[in-house]
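In: A structural model of the following input is requested.
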Amino acid sequence: WHPTVFTHNRDRVLTTEVAQGFLSALLAQPAVKKLLSAEHFSVDGTMLKAFASMKSFRAKDGAGDDDGEPPEGGRNGERDFRKEKRSNETHASTTDPDARLYRKSKGQESRLAYLGHALMENRNGLVVDGAVTHATGTGEREAATKLSEGLGEGATLGADKAYDVEAFVEELKARKIVPHVAINGTVSKTGKVRKTAVPPDVAQSPGYAISLRCRKRIEEVFGWVKTTGGLSQLKVRGLDKVEAAFTFALAAYNIIRLPKLIGSTGQVCLVGGK
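Out: Numbers count the residues shown, from 1 in each chain. Modelled structure (predicted):
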């Protein structure tokens, strides 16, 4: 193959449909399928830095467009964002309209971003599904609900304490999926412990403790995707292309790990013997 052949076909293959098809075909291989758990899973999300500058985050009504005229020499125009209120309701990126202003946690800076989500089976830590959504405060739970739609009754779903929200946990229980969600035991200023929807009998079960250990392996997926996979900074724009690139990276993570897993007789993170 000449490099230009790939370049000419890049836009044709860089779609969510092609990426999801590739991941599904990989997981359907007989040697891979027998490595997957059918009952125990984990879900989580990570922030993906958008391929857009904060200077592109402009008011939707055009206010302030005359500010920051480019100086001589071809440099970018200067912008002073102090005391300027900006939000996703009033502003949007001119270079990547699908990106959203997002802050991962208190004390951290806001940046234009997407949210990448992965569903991992707990037996060998392979990714079985993925998605990308707009960066919102509810994006992770909404994606987790969608990714877990194909799980059978009685399956367990592990997640961190950010998913310990009554509506999300109750929705899992309604679908007869066991919520192995870490309990968010935040204590208020008055000394009151935050209420959880995770049933006491689930939280006290041996499988729950094992799921909480297994789910941490999903951070290895995101670490590999961002470092070796090259997604610490996105290089494409638009929700569909970002999701395609992210899904291909998840598939690549599986491919890198499969040779050792297929050649090994040992298995890890067993829950209930499955």
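In: so where's this protein uncertain?
Out: By pLDDT under 70, the weakly predicted segments of the chain are 1, 64-84, 264-274.
In: now with 50?
Out: For the chain, the stretches flagged by pLDDT under 50 are 265-268, 270-274.
In: how about the helices in it?
Out: In the chain, the helices defined using DSSP state H lie at 3-13, 16-27, 30-33, 139-147, 166-174, 200-203, 206-214, 218-226, 239-262.
In: any chance of the ones you listed in CSV, plus mean neighbour count and distance to Val132?
Out: Just so you know, the C-beta spots here come from the backbone N, C-alpha and C atoms, and that holds for glycine as well. Converted to CSV, the helices of the chain look like this (neighbours: other C-beta atoms under 10 Å; distance: least, C-beta to C-beta, whole Å):
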stretch, mean neighbour count, distance to Val132
helix 3-13, 10, 17
helix 16-27, 16, 8
helix 30-33, 11, 23
helix 139-147, 20, 8
helix 166-174, 15, 19
helix 200-203, 12, 30
helix 206-214, 18, 24
helix 218-226, 19, 12
helix 239-262, 19, 4
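In: among the ones you listed, which comes closest to Phe51?
Out: Among those, helix 239-262 comes nearest to Phe51, with 8.5 Å by C-beta to C-beta.
In: which elements pack onto the closest one?
Out: In terms of contacts (3 or more C-beta pairs under 8 Å, 6 or more residues apart in numbering; DSSP states H and E), helix 239-262 is packed against helix 16-27, helix 30-33, strand 111-121, strand 127-134, helix 218-226.
In: would you turn the helices of the chain into TSV with distance to Ala113?
Out: Formatted as TSV, the helices of the chain follow (distance: least, C-beta to C-beta, whole Å):
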stretch	distance to Ala113
helix 3-13	23
helix 16-27	18
helix 30-33	31
helix 139-147	10
helix 166-174	22
helix 200-203	32
helix 206-214	27
helix 218-226	12
helix 239-262	10
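In: my guess is Asn88 contacts Leu101, does it?
Out: Yes - applying C-beta atoms under 8 Å, one finds Asn88 in contact with Leu101, separated by 5.5 Å.
In: before we move on, the earlier item: nearest to Phe57, of the helices of the chain?
Out: helix 239-262 (16.9 Å).
In: what's the angle from the closest one to helix 218-226?
Out: Helix 239-262 runs at 120 degrees relative to helix 218-226, counting by axes from the mean of the first three to the mean of the last three C-alpha atoms, to 10 degrees.
In: between the helices of the chain, which gets nearest to Met54?
Out: Closest to Met54 of these is helix 239-262 (C-beta to C-beta; 17.8 Å).
In: quick one: that closest one to helix 16-27, angle?
Out: On the basis of the same axes, to 10 degrees, helix 239-262 is oriented at 10 degrees to helix 16-27.
In: okay, helix 239-262 in CSV with CA atoms only?
Out: Coordinates of each C-alpha in helix 239-262 appear next as CSV, following Å, rounded to 0.1, in the frame of the first residue of the first chain:
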residue,chain,number,x,y,z
LEU,A,239,-19.0,13.4,17.0
ASP,A,240,-19.1,10.6,14.4
LYS,A,241,-15.4,10.7,13.6
VAL,A,242,-14.4,11.0,17.2
GLU,A,243,-16.5,7.9,18.1
ALA,A,244,-15.0,6.0,15.1
ALA,A,245,-11.4,6.8,16.2
PHE,A,246,-12.2,5.9,19.8
THR,A,247,-13.9,2.6,18.9
PHE,A,248,-10.9,1.6,16.6
ALA,A,249,-8.6,2.4,19.6
LEU,A,250,-10.7,0.1,21.8
ALA,A,251,-10.4,-2.7,19.2
ALA,A,252,-6.7,-2.1,19.0
TYR,A,253,-6.4,-2.5,22.8
ASN,A,254,-8.1,-5.9,22.5
ILE,A,255,-5.9,-7.0,19.6
ILE,A,256,-2.7,-6.1,21.5
ARG,A,257,-3.8,-8.3,24.5
LEU,A,258,-5.3,-11.2,22.7
PRO,A,259,-2.2,-13.2,21.8
LYS,A,260,-1.2,-13.7,25.4
LEU,A,261,-4.8,-14.4,26.5
ILE,A,262,-5.4,-16.9,23.8
